[in-house]
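>>> What would the 3D arrangement of this be:
(one chain, ligands or ions: 1)
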Amino acid sequence: MSTTFQINTATSRANPTPAPMKRLTVPKIRARKSGGKVDDPLVMLTAYTARQAQLLDAHCDLLLVGDSLGQVIYGLPSTLPVTLDMMANHAAAVVRGSYHAVVIVDMPFGSYEQSPQQAFESASQLLKASNAAGVKLEGGEAMAETVAFLTRRGIPVMGHIGLTPQAVNVLGGYGARGRSDAEAEKILADARALDEAGAFAIVVEGVVEPIAISVTEAVQAPTIGIGASAKCDGQVLVTEDMLGMFERVPRFVKKYGDMAAMITQTAERYAAEVRERSFPGEAQTYQPKD
Ligand code: KIV
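Numbers count the residues shown, from 1 in each chain. Okay, here's the model as predicted:
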């Protein structure tokens, strides 16, 4: 990723003013795969807030406002209770905080499965409210008609197959998919259906590696793996997982930091200084002018 830019964060609460730059586009992302391969793997991370987006933006091709925010931000037990309003508000914040990456917003459970028309209404509501560039929805063959419907009407769609968390009650858990021949064939058929329907990229989540590789070879659209394979055309992780905000993470997550420990230790220091009255110190205290 070569684009760099300056953000003026004069105060921590200011709306930062970046040097003018062009945001990546969905067609540019789609075009990164040509002749069946991607030379420069796509980098995607989740983002839910403006400040998080500011920090991640320069390093990512795509920022995903994932419905994982249900668990990560709201402490919900799954993604199922997440609403369109929650997604729209967080997506708007992420768009405000980013200047380079393509911002994609998840369609929450119940907002698109009923019909292509329902999906169009929900997706257009999300894009109008947030100015995000496209939507992501879960499901393969069953959603192909909807993906084609949205794409033909100007809404770029990222697909999501394999382990689809919104279907947890049908799948019976969050275990890896594609271990049986029947499951493997279904995942491949789902990928092909989304590709033909015009999905501009496809998230492949929680599948055994050979299936992730077969899917990546079978489709024209770039695949973005999570718990899949380094041979996918790109990768995505939930940012809080890779930052180490949670003690327990799925096996496919690599912790690149230890934010939970950092926050705990910092809060501990602050609490101790308040209790011993060493904070605020002279530097943080206003005195009358002479
Ligand atoms: O909701 C989400 O964060 C996602 C990613 C894990 C792909 O769908």
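>>> quick one: contacts for residue 132?
Residue 132 makes contacts with 65, 91, 94-95, 103-105, 126, as judged by C-beta atoms under 8 Å, 6 or more residues apart in numbering. C-betas here are computed from N, CA, C, even on glycine.
>>> and with 10 Å instead?
Applying C-beta atoms under 10 Å, 6 or more residues apart in numbering to residue 132 gives the contacts 63-65, 87-88, 91-92, 94-95, 98, 102-106, 123, 126, 156.
>>> how about the residue nearest to the spatial centre of the chain, secondary structure?
Nearest to the geometric centre of the chain sits residue 64, at 2.5 Å (C-alpha atoms, centre = their mean). Per DSSP: H, G, I helix; E, B strand; the rest coil, the secondary structure class of residue 64 is strand.
>>> can you pull up the bridge partners for it?
residue 46, residue 104 (DSSP bridges).
>>> how close does it sit to the ligand?
From residue 64 across to the ligand, the span is 6 Å (C-beta to the nearest ligand atom, to the nearest Å).
>>> Buried residues, stretch 43-62. List them.
For stretch 43-62, burial by neighbour count (16 or more other C-beta atoms under 10 Å) applies to 43-50, 52-54, 56-58, 60-62.
>>> Return only those of those residues found close to the ligand.
Checking the buried residues of stretch 43-62 against the ligand by C-beta under 6 Å from any ligand atom, the ones in range are residue 46.
>>> Restricted to strands, list the buried residues of stretch 43-62.
In strands, judged by DSSP state E, the following of the buried residues of stretch 43-62 are found: 43-46, 62.
>>> Quick check: mean pLDDT of the helix or strand encompassing residue 126?
Assigned by DSSP states H and E, residue 126 belongs to helix 116-130. The average pLDDT for helix 116-130 rounds to 98.
>>> Can you pull the residues of the stretch 1-150 of the chain lying near the ligand?
So far as C-beta under 6 Å from any ligand atom goes, the stretch 1-150 of the chain lies against the ligand at 46, 64, 66-68, 106.
>>> partners of the next helix or strand after the helix holding residue 126, with directions?
Using DSSP H and E, the next helix or strand after helix 116-130 towards the C-terminus is strand 134-136. In the sheet, strand 134-136 lines up against strand 102-106 (parallel), strand 157-162 (parallel) (DSSP bridges).
>>> just the helices in this protein please.
26-31, 50-57, 69-72, 84-96, 116-130, 144-152, 168-171, 181-197, 209-218, 239-243, 259-275 (DSSP state H).
>>> before we move on, the earlier item: can you lay out the residues of the stretch 1-150 of the chain next to the ligand as JSON lines showing pLDDT?
As requested, these are arranged in JSON lines below (pLDDT from 0 to 100):
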{"residue": "46", "pLDDT": "98"}
{"residue": "64", "pLDDT": "98"}
{"residue": "66", "pLDDT": "98"}
{"residue": "67", "pLDDT": "98"}
{"residue": "68", "pLDDT": "98"}
{"residue": "106", "pLDDT": "98"}
